[in-house]
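# quick check, what structure comes out for this input:
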Amino acid sequence: MSESKKHPRPIIIGVTGGSGSGKTSVSRAIFDQLHGHSLMMLQEDSYYKSQDDVPFEERTKVNYDHPNAFDTDLLIEQLEDLLKWKTIEIPVYDYAAHTRSKEVVVQEPREVIIVEGILALNDARLRDLMDIKIFVDTDDDIRIIRRIQRDIEERGRTLQSVIDQYLKTVKPMYHQFIEPTKRYADIIVPEGGENQVAIDLLVTKVRDIIRKNEA
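Next up, the predicted model:
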């Protein structure tokens, strides 16, 4: 008997939203509440394209909020492998070198796969693999405040550099590529991880799908 026949199809949950929206908090809250099930998180950020053939100075100018920055084909290919209960090797991105590192993370398939990223709902091929599509909707002013706090405290950035990047790429890319994907969401969650009612409803829905798959 093949692996695919031994197991029900894994459930894929897509979680998207702008930078600082709280999508990671929502993903983590779902993850933490689904006790007794095997779960994994797949970060879209792991799939930034390799830039080994690009000079370093050019790499630093890449717009990481644009769809072209991501190797979406590889993400889709690996998700399809996980759906067939095949182990994958997740790329590891080296942010200091602005390219993919030589390392990979070996990931075995799980019952529930949470795909989280700013453009998780941007590609129709990716959306078609998902059982539940979530858009975390948070006001621009709250998102920029969170981004400033994170980048200064965790990444050693200056206030001015964070503001400049936000105005130059983050905000325009959000309105051009991320916010329009809200129309594809099954559920829109305002205020991210603080919305406990929405998270409880999502967890209940996932458990219901798992029960049906196992029946």
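# for Val162, grab the count of nearby residues.
Val162 has 19 neighbouring residues, counting by other CB atoms under 10 Å. (C-beta placed from N, C-alpha, C; glycine too.)
# nearest residue to it in space, please, no chain neighbours.
Of all residues not flanking Val162 in the chain, Asp151 sits nearest, at 4.7 Å (CB to CB, 6 or more residues apart in numbering).
# that neighbour sits in which helix or strand?
helix 140-155 (DSSP states H and E).
# now do the buried residues in that helix.
For helix 140-155, burial by neighbour count (16 or more other CB atoms under 10 Å) applies to Asp140, Arg143, Ile144, Arg146, Arg147, Ile148, Asp151.
# and the first one, what is it in contact with?
With CB atoms under 8 Å, 6 or more residues apart in numbering as the criterion, the residues that contact Asp140 are Gly18, Lys171, Tyr174.
# cool, and Val54?
Residues near Val54 by CB under 8 Å, 6+ apart: Thr99.
# strands of this structure, residue ranges please.
Counting by DSSP state E, residue ranges of the strands within the chain are 11-17, 39-43, 88-94, 99-107, 112-116, 132-137, 187-190.
# could you say which of the ones you listed is packed most deeply?
strand 11-17 (a mean of 26; mean count of other CB atoms under 10 Å).
# got JSON lines for the buried residues of helix 140-155, with pLDDT and distance to Gly193 too?
Formatted as JSON lines, the buried residues of helix 140-155 follow (pLDDT from 0 to 100; distance: CB to CB, whole Å):
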{"residue": "Asp140", "pLDDT": "87", "distance to Gly193": "18"}
{"residue": "Arg143", "pLDDT": "90", "distance to Gly193": "13"}
{"residue": "Ile144", "pLDDT": "90", "distance to Gly193": "18"}
{"residue": "Arg146", "pLDDT": "90", "distance to Gly193": "11"}
{"residue": "Arg147", "pLDDT": "88", "distance to Gly193": "16"}
{"residue": "Ile148", "pLDDT": "92", "distance to Gly193": "18"}
{"residue": "Asp151", "pLDDT": "86", "distance to Gly193": "19"}
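# which one of those is nearest Thr99?
Taking CB to CB as the measure, Thr99 lies nearest Asp151 of the buried residues of helix 140-155, at 20.7 Å.
# ok, that closest one - contacts?
Asp151 is in contact with Arg157, Ser161, Val162, counting by CB under 8 Å, 6+ apart.
# measure the one residue sitting closest to the centre of the chain to Glu58 for me?
Centroid-nearest residue in the chain: Glu116, 1.7 Å away (criterion: CA atoms, centre = their mean). In this view, Glu116 and Glu58 are 28 Å apart by CB to CB, to the nearest Å.
# with Leu74 instead?
Applying CB to CB to Leu74 and Glu58 gives a distance of 21 Å.
# end-to-end on stretch 75-95?
In stretch 75-95, first residue to last residue: 19 Å (CA to CA, to the nearest Å).
# average pLDDT across that stretch?
Averaged over stretch 75-95, pLDDT sits at 96.
# now that stretch, how far from the centre of its chain.
Averaging C-alpha positions (CA atoms, centre = their mean, to the nearest Å) puts stretch 75-95 13 Å from its chain's average.
# for stretch 21-38, same thing?
Distance, centroid of stretch 21-38 to centroid of chain: 12 Å (CA atoms, centre = their mean).
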